[in-house]
Structures are given as C-alpha cells and as structure tokens.
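>>> structure for this input, please:
(one chain, ligands or ions: 1)
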Amino acid sequence: MKKIAIYPGSFDPVTNGHIDIAERGLKLFDKIIMAILNNPIKDCLFTVEERLEMLESSFKDYPDITVETFDGLLVDYASRRKCIAILRGMRAVSDFEYEFQLALMNRKLKREIQTVFLMTGLRWIFTSSSIIKEAAQFGGDITSMVPPLVNRKLKEKFGIAS
Ligand code: PNS
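Numbers count the residues shown, from 1 in each chain. Coordinates of the predicted model:
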C-alpha cells in the first residue's frame with residue numbers, strides 16, 4: 001500500500017519554503033497531495049485557479065506530487081484520498097500555537113490520520129506567503145524566495161515592471 005500524505009494550505013502563493021517541505025516529505029511518503037483550500041470567504045490575493053497553476057508549475061518535475069483543491073473539512077478530504085498523514089511545515093515558535101490547535105482538532109475529528117511536522121529549512125525560516133506579498137507589493141526583490149512563475153505573477157498583480 002502506498003503511503004500518501006496530504007499537504008494542505010492556502011498557498012497564496014506557494015513559496016520555496018513550501019517546496020522544500022514537500023520535497024523532504026517525499027523521503028517519508030510515497031506520494032504527496034498538495035491540497036489548496038478553496039475557501040471563497042478567505043481573502044486571498046490569488047484566485048484558486050492561479051494558485052493551482054503556480055503549484056502545478058512548481059511541481060511539474062515531481063511525478064509523486066500532485067496538486068488538488070478541496071473544500072470542507074480537511075480530514076474528510078484526506079480520508080477520501082486515502083491519506084495516512086497530514087504534512088505541515090513548522091518555522092519558528094510563532095507557528096506552534098496555531099499548528100498545535102489545528103493538529104489537535106484534526107486528531108479529534110479523525111484519530112487515524114497523523115499530523116507530521118517538518119522543521120522548515122534554515123534558509124526559509126523567515127519566508128512566509130504574507131511577508132513575501134508585502135515585500136513584493138513595495139517592489140522588494142523576492143526572487144530567491146519563490147519559484148520564477150510566482151515571482152512573475154506577483155509583479156503582474158502589483159503592476160511592477162520586470
Ligand atoms: O496555509 P494555511 O492558511 O495556514 O492553511 C490552513 C489550512 C488550509 C490547513 C486549514 O485552514 C484547513 O485545513 N482548513 C480546512 C477546514 C478544516 O478542516 N479546518 C481544520 C479543523 S477545524
């Protein structure tokens with residue numbers, strides 16, 4: 001039986017930190033499903049279609065990583081897709097409380113699915129989608145923190161010439 005993990009998130013947009021976690025997750029699992037939360041209430045910069053395109057382009061060379069969208073409860077989707085684990089990255093202590101709550105709630109809802117955290121690589125410790133969006137908005141150079149397509153899309157969104 002293949003060991004499948006789901007890596008859920010908003011991915012608004014995907015960063016090199018997310019990619020690092022997914023790549024390393026492949027050392028533990030046979031397959032990883034990158035699952036984009038399709039939540040119309042959440043205020044995202046990119047539409048779900050744009051986020052899907054950016055993730056698909058980032059993982060085009062990884063046959064064992066697929067990209068999907070989901071709505072509703074994560075654990076329900078994870079069970080339907082036969083995932084044994086939820087994969088998440090953890091950066092600094094500031095991530096801990098939220099991640100802990102999420103993991104405990106998911107465990108309460110479905111005990112058989114384990115949450116697995118990988119520590120973010122040191123290079124990406126200060127990389128987050130929100131900080132990247134803020135820097136990009138004011139013309140900051142975020143080239144080394146995101147895949148090339150994401151860099152282009154951010155510039156387009158904020159009307160910044162390349
Ligand atoms: O990248 P994010 O925004 O931190 O990801 C949050 C995400 C998508 C993992 C979380 O909001 C989620 O799983 N939402 C789906 C609804 C759900 O199952 N929530 C957790 C139990 S209440």
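
>>> show me where the chain dips below the pLDDT cut-off.
Along the chain, segments meeting pLDDT under 70 are nowhere present.

>>> hmm, try it at 90
39-42, 92-94, 126, 161-162 (pLDDT under 90).

>>> the ligand contacts on that one?
Contact residues, the chain versus the ligand (Cβ under 6 Å from any ligand atom): 8-10, 37, 73-74, 102, 105-106. Placement of C-beta: from N, CA and C, glycine included.

>>> element containing residue 115?
According to DSSP states H and E, residue 115 maps onto strand 114-119.

>>> so which bits of that strand are buried?
Residues of strand 114-119 classed as buried: 115, 117-118 (neighbour count, 16 or more other Cβ atoms under 10 Å).

>>> same thing with stretch 149-156?
149-151, 153-154.

>>> nearest to the ligand, of these?
residue 150 (14.8 Å; Cβ to the nearest ligand atom).

>>> that closest one falls within a strand, correct?
No. Counting by DSSP: H, G, I helix; E, B strand; the rest coil, residue 150 is not part of a strand but helix.

>>> got the contact list for the closest residue to it other than its chain neighbours?
Closest residue to residue 150 apart from its sequence neighbours, by Cβ to Cβ, 6 or more residues apart in numbering: residue 13 at 4.7 Å. Listed by Cβ atoms under 8 Å, 6 or more residues apart in numbering, the contact set of residue 13 reads 45-46, 50-51, 54, 129, 132-133, 146, 150, 153-154.
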